[in-house]
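Colleague: I'd like to go over a predicted model; first the sequence, then the structure.
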Amino acid sequence: MSTRGTRTPPLRSTHPAAAGARAPRGASGGARADGDWLQPGPPYAPGWSLGRRLPPAAAPAHAHHPRTAPDQPPPDAGPYAGPDAGPDAGPDGVPAGRVLRRRRARRGPRPQRGPSRLSYRLNRLWLTPLVRRMLTVGLPVFVISLSVGVVMSDPARQAAAHAAMVDAYDSVIDRPEFRVEGVRVLGDVSAEVHAAALGRVDVTFPESSFRIDMAALRRELETIDAIRSADLRLGGDRMLELRLVERSPAVIWRHRGGLELLDGEGRRIARLTERASRADLPLLAGAGAEQEVPEALRILDAAAPLDERIRGLVRVGERRWDLVLDRDQRIALPETAPIRAIERVLALDGAQDLLARDTVLVDLRLHDRPTLRLSDGALETFQSIRHSPE
């Protein structure tokens with residue numbers, strides 16, 4: 001291959017010796033002339049070669065530091081530099097160990113090694129939320145619980161700890177500001193209910209409010225038949241206030257065991273010794289009448305025009321009612337829609353004076369076929385009139 005006519009660029013060197021042989025630029029500051037590339041220089045200066053750059057050559061042993069005198073060692077040579085450095089000194093007067101350290105310093109810091117397999121696995125395990133929570137929370141709790149269990153396994157220590165806790169609790173709840181001096185009943189209640197409520201308060205005063213079970217005492221008061229509801233509060237004068245709501249009697253229920261007062265829901269209030277003591281209340285009789293008190297009250301409200309003649313209601317077969325009037329008259333009401341049957345009887349009585357006649361029973365159990373039963377005297381009179389000759 002011919003290289004004729006091709007200009008080969010000059011080879012440049014970074015070595016100080018070669019740099020000193022390079023010619024300066026022209027005074028005019030213009031481009032370098034063609035002849036400047038051919039300035040004489042060392043044909044084989046250290047630091048460059050034909051085709052490959054070589055490392056800079058080592059300075060001769062007699063080379064001195066540029067900032068020091070020729071007979072003085074360089075500043076970084078150390079105390080061993082100089083002609084009297086000793087038999088172990090290198091070419092530049094520095095011991096071999098220091099030369100090795102300088103070489104390592106020039107190489108830079110050693111590369112860090114990667115984590116081992118064990119450390120990698122432990123690190124990944126630590127990043128697991130469950131493992132971290134077990135180690136940071138579960139393990140301390142387990143250690144503390146185990147320590148407390150071991151310490152408190154001794155019965156003597158258990159008794160001492162329990163006694164200390166009881167003493168601390170008693171010292172707090174027995175303070176004067178928590179003391180209750182007595183009990184007071186509030187509400188419009190009868191004297192019998194007042195006395196019965198005070199008898200159910202099984203507390204010796206003065207007593208700490210923490211030792212009084214308010215919920216249990218309220219349930220005990222509500223077991224009294226005459227009390228609908230009870231509310232317990234601590235007053236500002238250190239008195240236990242009992243706010244009671246008494247049941248209102250609505251009817252008297254007569255059964256084989258005697259007479260009892262019932263409220264509008266059929267709840268028992270008290271036992272009654274005689275009917276005359278509460279003559280203002282209607283009378284109910286029959287088995288199962290206490291379970292249908294609301295219906296009985298609705299029937300009595302519908303029969304309000306006959307209020308002066310009503311003696312009571314009788315439950316028949318636990319299915320229906322009979323309205324009992326004075327003069328031994330009775331109205332048999334149907335099992336269903338008894339209010340409509342009462343309204344029908346009142347209409348007949350207003351039009352034909354049905355109840356003013358000598359009748360014993362007005363049977364309305366069949367809606368489309370009412371039946372009348374006359375008294376014995378009225379029946380004889382009716383038969384005599386019927387069989388008499390004209």
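Modeller: Perfect, I can see it now. Numbering: from 1, shown residues only.
Colleague: Check which helix or strand residue 228 maps to.
Modeller: strand 227-234 (DSSP states H and E).
Colleague: Residue 204 too?
Modeller: Residue 204 belongs to no helix or strand, assigned by DSSP H and E.
Colleague: still on that earlier bit, mind listing the strands the strand holding residue 228 pairs with, and their directions?
Modeller: strand 239-246 (antiparallel) (DSSP bridges).
Colleague: So which bits of the strand it pairs with are buried?
Modeller: 240-242, 244, 246 (16 or more other C-beta atoms under 10 Å). C-beta: built from backbone N, CA, C; applies to glycine.
Colleague: contact partners of that strand?
Modeller: By C-beta atoms under 8 Å, 6 or more residues apart in numbering, the residues outside strand 239-246 that reach it are 180-190, 193, 197, 201, 203, 212, 221, 226-235.
Colleague: So what touches the strand or helix carrying residue 144?
Modeller: Taking DSSP H and E as the criterion, residue 144 maps to helix 139-151. With contacts defined as C-beta under 8 Å, 6+ apart, helix 139-151 is touched by residue 157.
Colleague: Just checking the distance from that helix to the centre of its chain.
Modeller: In terms of C-alpha atoms, centre = their mean, to the nearest Å, the centre of helix 139-151 is set 28 Å apart from its chain centre.
Colleague: What of stretch 332-351?
Modeller: 59 Å.
Colleague: same thing with stretch 185-203?
Modeller: Centre-to-centre, stretch 185-203 and its host chain are 40 Å apart (C-alpha atoms, centre = their mean).
Colleague: quick one: buried residues of it?
Modeller: 185, 187, 189, 193, 196-197, 201.
Colleague: tell me the average confidence for it?
Modeller: The average pLDDT within stretch 185-203 is 90.
Colleague: got the CA positions of that stretch in PDB?
Modeller: Extracted in PDB, the C-alpha atoms of stretch 185-203 (Å, rounded to 0.1, in the frame of the first residue of the first chain):
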ATOM      1  CA  VAL A 185     -87.200   8.200  97.800                       C
ATOM      2  CA  LEU A 186     -88.400  10.700  95.200                       C
ATOM      3  CA  GLY A 187     -91.600  10.500  93.100                       C
ATOM      4  CA  ASP A 188     -95.300  10.500  93.700                       C
ATOM      5  CA  VAL A 189     -95.700   7.000  95.300                       C
ATOM      6  CA  SER A 190     -97.900   5.600  97.900                       C
ATOM      7  CA  ALA A 191     -96.800   4.900 101.400                       C
ATOM      8  CA  GLU A 192     -96.800   1.200 100.800                       C
ATOM      9  CA  VAL A 193     -94.500   1.500  97.800                       C
ATOM     10  CA  HIS A 194     -92.300   3.900  99.700                       C
ATOM     11  CA  ALA A 195     -91.800   1.500 102.600                       C
ATOM     12  CA  ALA A 196     -91.300  -1.500 100.200                       C
ATOM     13  CA  ALA A 197     -88.600   0.400  98.300                       C
ATOM     14  CA  LEU A 198     -86.700   1.300 101.400                       C
ATOM     15  CA  GLY A 199     -86.900  -2.300 102.600                       C
ATOM     16  CA  ARG A 200     -85.200  -3.500  99.300                       C
ATOM     17  CA  VAL A 201     -82.200  -1.200  99.800                       C
ATOM     18  CA  ASP A 202     -79.800  -3.600 101.500                       C
ATOM     19  CA  VAL A 203     -77.000  -1.100 102.200                       C
END
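Colleague: Show me the residue at the heart of the chain, geometrically.
Modeller: Computing the C-alpha centroid of the chain and ranking residues by C-alpha atoms, centre = their mean puts residue 137 first, at 22.2 Å.
Colleague: what about that residue, which SS state?
Modeller: Put simply, residue 137 is helix when judged by DSSP: H, G, I helix; E, B strand; the rest coil.
Colleague: try residue 373
Modeller: Classified using three-state DSSP, residue 373 is strand.
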